[in-house]
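Asker: This is the structure alone, sequence omitted:
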């Protein structure tokens, strides 16, 4: 007899006990998930030894999970930010639980703000366990409702409806994933070019997207999500978002990189142009970049939508840019 299929629930939180001990909370989430016969929790500390690179050994499980859960208390670390970024890029259903604490670190607060969704607060492990059950129940209900309405509208029909109602929606993937939620509406449908022009509310710019590059429209959750075969990419050199046809499935969560060096003529020309705009370019360790990404700190994305990555030891170097007034880095 074939064993039943199980859905995977990824559990994300800080693991370094010298910074913060969340063992009891992680166990509470595992216990809640295990109470559903069709769910299985995945926690890094319970995983077997692996031949994979350390980062890939847990990020692969974010890619494979059906529900992404995250516990935030006082602190967060770069691995936690990397997991959250990957879950957002893969548009994973995300359940966020925040412990009531004082003095939350800036990085932990960035994670809370960056997910842009309602989170459940808790004080004790028992409260967290019940909050997880409540959230999973609601996720199942929303998923069933989405299934019941699936197929009732064609993709083109949904775009026309979005245009008529000026419905707000999200687009995935977007690179990089900045803190905060980026929402859009259909500005117009240009059927002569087989293109939908979408308006990004945060920057008030119009972005043309080829309709054949829309793979599906997801209607579960708080807001529809348009999934692309390609990506909406920030281009630092023109300070605009643009559609690019290349996907990012095989790329890191910073997007697509191109080989570079600190003596790279193109990289230095771009850096000099940014200085003329009163920005502050510099090189940073690859391991430090994900946890600091914001509108004021980001990799430099060239006109081709790729960022500059210089091989180095012990960590690769990435060309980043900061807005004027923030702490500088040596270029």
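Answerer: In hand now; what should we look at? The structure presented is a predicted model; accordingly, all values stated were derived computationally and were not measured.
Asker: Find the residue ranges of the stretch 201-331 of the chain scoring beneath the pLDDT cut-off.
Answerer: 220-221, 249-252, 324-331 (pLDDT under 70).
Asker: Can you show me the strands along it?
Answerer: 205-210, 214-218, 225-235, 240-244, 257-259, 279-285, 297-299, 307-310, 317-323 (DSSP state E, counting those that start in this stretch).
Asker: Including mean neighbour count and distance to residue 72, could the ones you listed go into TSV?
Answerer: In this view, the C-beta of every residue, glycine as well, is placed from N, C-alpha and C. Output for the strands of the stretch 201-331 of the chain, formatted as TSV (neighbours: other C-beta atoms under 10 Å; distance: least, C-beta to C-beta, whole Å):
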stretch	mean neighbour count	distance to residue 72
strand 205-210	16	32
strand 214-218	16	25
strand 225-235	19	23
strand 240-244	18	28
strand 257-259	14	29
strand 279-285	18	24
strand 297-299	22	21
strand 307-310	22	28
strand 317-323	21	25
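Asker: Indicate which one of these is closest to residue 192.
Answerer: Set against residue 192 and scored by C-beta to C-beta, those come closest in strand 205-210, at 12.2 Å.
Asker: For that closest one, which strands pair with it and how are they oriented?
Answerer: strand 195-200 (antiparallel) (DSSP bridges).
Asker: measure stretch 303-319 end to end?
Answerer: Taking C-alpha to C-alpha, to the nearest Å, stretch 303-319 runs 14 Å from one end to the other.
Asker: tell me what the lengthiest helix in the chain is packed against?
Answerer: Looking across the chain with DSSP state H, the single longest helix is helix 125-149. For helix 125-149, the packing partners by 3 or more C-beta pairs under 8 Å, 6 or more residues apart in numbering; DSSP states H and E come out as helix 23-34, strand 67-72, strand 94-99, strand 120-122.
Asker: Out of these, which is the most enclosed?
Answerer: Sort those by mean neighbour count, taking mean count of other C-beta atoms under 10 Å, and strand 67-72 sits at the top with a mean of 24.
Asker: Mind giving me the packing neighbours of that strand?
Answerer: Contact here means 3+ C-beta pairs under 8 Å, 6+ apart; on that basis strand 67-72 packs against strand 7-12, helix 23-34, helix 78-89, strand 94-99, helix 106-115, helix 125-149.
Asker: May I see these arranged in JSON lines, with mean pLDDT and distance to residue 266 as well?
Answerer: Below are these laid out as JSON lines (pLDDT from 0 to 100; distance: least, C-beta to C-beta, whole Å):
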{"stretch": "strand 7-12", "mean pLDDT": "95", "distance to residue 266": "37"}
{"stretch": "helix 23-34", "mean pLDDT": "96", "distance to residue 266": "45"}
{"stretch": "helix 78-89", "mean pLDDT": "85", "distance to residue 266": "26"}
{"stretch": "strand 94-99", "mean pLDDT": "94", "distance to residue 266": "37"}
{"stretch": "helix 106-115", "mean pLDDT": "82", "distance to residue 266": "31"}
{"stretch": "helix 125-149", "mean pLDDT": "85", "distance to residue 266": "45"}
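Asker: Adding distance to residue 203, write those out as CSV.
Answerer: CSV is the format used below for the helices and strands packed on strand 67-72 (distance: least, C-beta to C-beta, whole Å):
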stretch, distance to residue 203
strand 7-12, 29
helix 23-34, 37
helix 78-89, 19
strand 94-99, 24
helix 106-115, 17
helix 125-149, 30
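Asker: Of all the ones you listed, which one comes closest to residue 265?
Answerer: Nearest of the helices and strands packed on strand 67-72 (C-beta to C-beta): helix 78-89, 30.6 Å.
Asker: How far away from the center of its chain is that closest one?
Answerer: Distance of helix 78-89 from the chain centroid (C-alpha atoms, centre = their mean, to the nearest Å) equals 6 Å.
Asker: quick one: buried residues of it?
Answerer: 79-89 (16 or more other C-beta atoms under 10 Å).
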